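Asker: this is a predicted model, with the sequence first.
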Amino acid sequence: MKQTSKKELALSMKAAGRTVEEIASALQCSPTYVANCLTDAGKITEYTDLYTSSVVQNEYARMFSGVLRFRNVEVARDSVAKIDALFHQFAQARDRRGQHQAQLMALIGKNRAEGIGKLDEAKVFLNWLVSHLDTATAPACDEEKMAEAIEREYAQVAPYEMALAFV
């Protein structure tokens with residue numbers, strides 16, 4: 001007799017009207033796991049966090065599918081180059097929503113890399129994002145020059161001044 005998988009249980013519990021959090025609690029797994037199972041099955045969930053897939057939530061998701069990678073710094077740079085290419089494609093089409101999605105992907109990449117302790121890889125995403133916050137003047141991606149400029153800029157700021165920036 002075949003044992004029912006957690007995915008199958010999650011789908012049947014969702015069909016019965018249970019929330020992602022209730023399902024996760026009942027199955028003793030994370031809400032992220034449940035939300036991704038439901039999304040993979042084409043079900044729309046009300047749950048989102050840093051690690052949930054956005055396939056159903058966003059029309060741009062297909063374009064950004066598989067872009068976020070940060071195994072090492074070189075892979076992170078390749079990922080940022082793909083984000084940058086899409087960002088400029090959206091800029092050329094005057095698609096502000098697409099540009100925003102590219103910025104969001106860089107932020108998610110930074111946060112995910114930081115979350116698993118890959119700080120150098122996170123910095124690659126951060127440097128791109130900082131240089132692309134002003135969409136009207138966003139440069140083409142040159143990650144090394146960008147990192148050097150940001151490092152020079154912050155090297156001149158005293159630690160107490162940095163602390164004051166957050167007050």
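Answerer: Happy to help now that I have it.
Asker: C-alpha only now, for contacts and for neighbours.
Answerer: OK.
Asker: just give me the neighbour total for residue 74.
Answerer: 13 (other CA atoms under 10 Å).
Asker: likewise residue 137?
Answerer: Neighbours around residue 137, by other CA under 10 Å: 9.
Asker: report the secondary structure state of it.
Answerer: coil (DSSP: H, G, I helix; E, B strand; the rest coil).
Asker: what about the most centrally placed residue in the chain, distance to residue 67?
Answerer: For the chain, residue 108 is the residue whose C-alpha lies nearest the centre (CA atoms, centre = their mean; 2.3 Å). Going from residue 108 to residue 67 by CA to CA, to the nearest Å gives 11 Å.
Asker: which elements pack onto the helix or strand containing the residue nearest to the centre of the chain?
Answerer: Taking DSSP states H and E as the definition, one finds residue 108 inside helix 96-115. With contacts taken as 3 or more CA pairs under 8 Å, 6 or more residues apart in numbering; DSSP states H and E, helix 96-115 sits against helix 73-92, helix 119-131.
Asker: okay, now the domains of the chain?
Answerer: 6-40, 61-145 (automatic domain parsing).
Asker: want to throw the ones you listed into CSV with distance to residue 47?
Answerer: Formatted as CSV, these follow (distance: least, CA to CA, whole Å):
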stretch, distance to residue 47
domain 6-40, 6
domain 61-145, 16
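Asker: which one of these lies nearest to residue 52?
Answerer: Among the domains of the chain, the nearest to residue 52 by CA to CA is domain 6-40 (5.7 Å).
Asker: flag every buried residue along that closest one.
Answerer: Of all the residues in domain 6-40, those buried under the rule 16 or more other CA atoms under 10 Å are 6-7, 10-11, 13-14, 19-24, 31-39.
Asker: among the residues you listed, which ones are in helices?
Answerer: 6-7, 10-11, 13-14, 20-24, 31-39 (DSSP state H).
Asker: gap between the residue nearest to the centre of the chain and residue 43?
Answerer: 22 Å.
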